[in-house]
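Q: give the three-dimensional model of this entry:
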Amino acid sequence: MLSAMLSLAGCTTDADNSVIEDREIELKNFSNSGCKSRYVRTRSYYDTRKEVFNYSCIHEGYLYVMHQDAMFNCCPEALGASISVEDNQIKVGEYESGGDCDCICPFDLSYEIGPLVEGNTYAIYIGHKNNESKVAEFEFHNSMSGVWEVQAYY
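A: Residues are numbered from 1 along each chain as shown. Alright, predicted model coming up:
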């Protein structure tokens, strides 16, 4: 009876967590904005700035991430993201394909990562253009939300 009441209240039980633990973590529902503004690229272009990642749990077991102003070529054929997971380390590679304009643009990228297990600790690394940064180490909760900021170099 107690188990049924907890299920109705939206809580997960140990049995629910073991089912999630057996599932492979994936990246899904990738989307991106268009180019937000163009910057001319120069041979000596080098910039440091904060990378901003908004995150929240939008449905049980899945973390929604929006990478604001990710810098890519301003006319890519496509943008995308891939994921690899080892133990509780999640590595997300954001990438562009095709297109070769002489400018760069900020794009907003968003995707979901999961299923993650309530109460487990994860380290997440997000990078692009062979530049991988540890964004955060966090204990996953279905009610979590906030902002991660990381120093980035372009």
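Q: how is the residue minimising distance to the centre of the chain assigned, secondary-structure-wise?
A: Nearest residue to the geometric centre of the chain (Cα atoms, centre = their mean): residue 65, 4.3 Å. What DSSP: H, G, I helix; E, B strand; the rest coil gives for residue 65 is strand.
Q: test my guess that it contacts residue 116.
A: No. Residue 65 sits out of contact with residue 116 when judged by Cβ atoms under 8 Å, with a separation of 11.7 Å. (Glycine included, C-beta is placed from N, CA and C.)
Q: give the buried residues for stretch 104-112.
A: 104, 105, 106, 107, 108, 109, 110, 111, 112 (16 or more other Cβ atoms under 10 Å).
Q: which parts of this protein are strands?
A: Using DSSP state E, the strands of the chain run over 26-32, 39-40, 48-59, 62-73, 78-86, 89-97, 103-114, 121-128, 131-139, 145-153.
Q: go through those strands and find the least confident stretch.
A: Ranked by mean pLDDT, the strands of the chain bottom out at strand 39-40, which scores a mean of 70.
Q: could you report the neighbour count for residue 32?
A: By other Cβ atoms under 10 Å, 20 other residues sit near residue 32.
Q: ok, now which ones touch it?
A: 79, 107, 108, 109, 110 (Cβ atoms under 8 Å, 6 or more residues apart in numbering).
Q: next up, the contacts around the residue nearest to the centre of the chain.
A: Here residue 65 is in contact with 53, 54, 55, 92, 110, 111, 112, 113, 126 (Cβ under 8 Å, 6+ apart).
Q: let me have those residues in CSV, extended by distance to residue 139.
A: Output for the contacts of residue 65, formatted as CSV (distance: Cβ to Cβ, whole Å):
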residue, distance to residue 139
53, 17
54, 18
55, 13
92, 19
110, 22
111, 21
112, 18
113, 15
126, 18
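Q: tell me which of those residues is nearest to residue 141?
A: residue 55 (11.4 Å; Cβ to Cβ).
Q: burial count for that closest one?
A: What residue 55 shows, counting by other Cβ under 10 Å, is a neighbour count of 20.
Q: ok, it touching residue 147?
A: Yes. Taking Cβ under 8 Å as the definition, residue 55 is a contact partner of residue 147 at 7.4 Å.
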